[in-house]
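Trainee: prediction below, plus the sequence it came from.
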Amino acid sequence: MSIPFYKHTASITCITYCSDDAILFGSDDQTIIKWNMSEHGKNVVLISNKNNTESEKVYCMAIPSDRTILAYAKSNLIRLFDIVYNIEVEKPSEGHIWPVLSLAFSSDGNKILSASADNTVRIWNWQTKLQNNAQNPYNLSGIDSAPILLVFSPDNNSLASGLTNSLIRVWNTDTGEESGAALKGHSLWISCLEYTLDGK
């Protein structure tokens with residue numbers, strides 16, 4: 001029996017584990033492919049290119065700790081995909097006006113952070129949105145350059161973002177207020193960002 005084999009036809013833009021033996025790859029070819037390492041490299045196209053347009057490129061993706069939901073961005077839209085049942089969860093979430101550059105889940109899996117080239121960071125309570133569409137995300141204040149990286153603190157009380165102007169800014173996730181002055185020291189873009197285990 002032959003094993004289906006797919007490969008990307010353009011640059012890979014993002015990678016994340018969706019289980020202990022499976023990895024997701026997003027690409028500029030507008031697809032997300034799931035590679036199963038324990039099944040001799042068998043892989044499946046989870047997200048395909050329906051429209052063959054520039055706006056369908058996969059910019060970034062994120063998975064919560066329970067590994068049941070995939071959040072991914074195509075241009076300025078955030079989409080949710082149920083990894084267990086292999087279906088789109090709901091219609092794309094709108095709000096950003098430029099491409100979404102980074103996504104991150106809170107440790108409890110209830111909130112999603114999105115950073116965009118429109119110089120905004122938004123917090124989405126996606127579970128509330130799924131239930132009644134009542135809670136809208138809000139923009140964080142004080143951003144004067146495009147945020148390209150996002151990370152929640154371990155206790156989910158704050159978030160940090162690396163900007164294209166070489167600064168790191170930290171916000172309180174409950175109030176949306178900036179926590180102190182921007183952190184300076186780098187001379188170029190921030191390429192990676194992470195909290196220590198103690199959140200400091």
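Mentor: Perfect, thanks for sending it.
Trainee: what about the helices in the protein?
Mentor: According to DSSP state H, the chain carries its helices in the segments 126-132.
Trainee: wait, what's in contact with the closest residue to residue 103 other than its chain neighbours?
Mentor: Closest residue in space to residue 103, ignoring its immediate chain neighbours: residue 62 at 4.0 Å, by C-beta to C-beta, 6 or more residues apart in numbering. Every C-beta, even on glycine, is put in place using the N, C-alpha and C of the backbone. Going by C-beta atoms under 8 Å, 6 or more residues apart in numbering, residue 62 touches 16, 70-72, 103-105, 112.
Trainee: let's see that with 6 Å instead.
Mentor: Neighbour list for residue 62: 71, 103-105 [criterion: C-beta atoms under 6 Å, 6 or more residues apart in numbering].
Trainee: just the closest of those residues to residue 92, please.
Mentor: Relative to residue 92, the closest of the contacts of residue 62 is residue 71; by C-beta to C-beta it sits at 10.9 Å.
Trainee: got a list of what the closest one touches?
Mentor: Counted by C-beta under 6 Å, 6+ apart, residue 71 has contacts 62, 80, 103, 112.
Trainee: quickly list what the second one is bridged to.
Mentor: Pointing back at residue 80 there. Counting by DSSP bridges, residue 80 forms beta bridges with residue 71.
Trainee: run the chain-centre distance for the longest strand belonging to the chain.
Mentor: Scanning the chain for the longest strand, with DSSP state E as the assignment, gives strand 12-19. Counting by C-alpha atoms, centre = their mean, to the nearest Å, strand 12-19 is centred 11 Å from the centre of its parent chain.
Trainee: partner strands of that strand, with direction?
Mentor: Strand 12-19 has these strand partners (DSSP bridges): strand 22-27 (antiparallel).
Trainee: so which bits of the strand it pairs with are buried?
Mentor: Going by neighbour count (16 or more other C-beta atoms under 10 Å), the buried part of strand 22-27 is 22, 24-27.
Trainee: just how off-centre is it within its chain?
Mentor: On the basis of C-alpha atoms, centre = their mean, strand 22-27 is displaced by 13 Å from the centre of the chain it belongs to.
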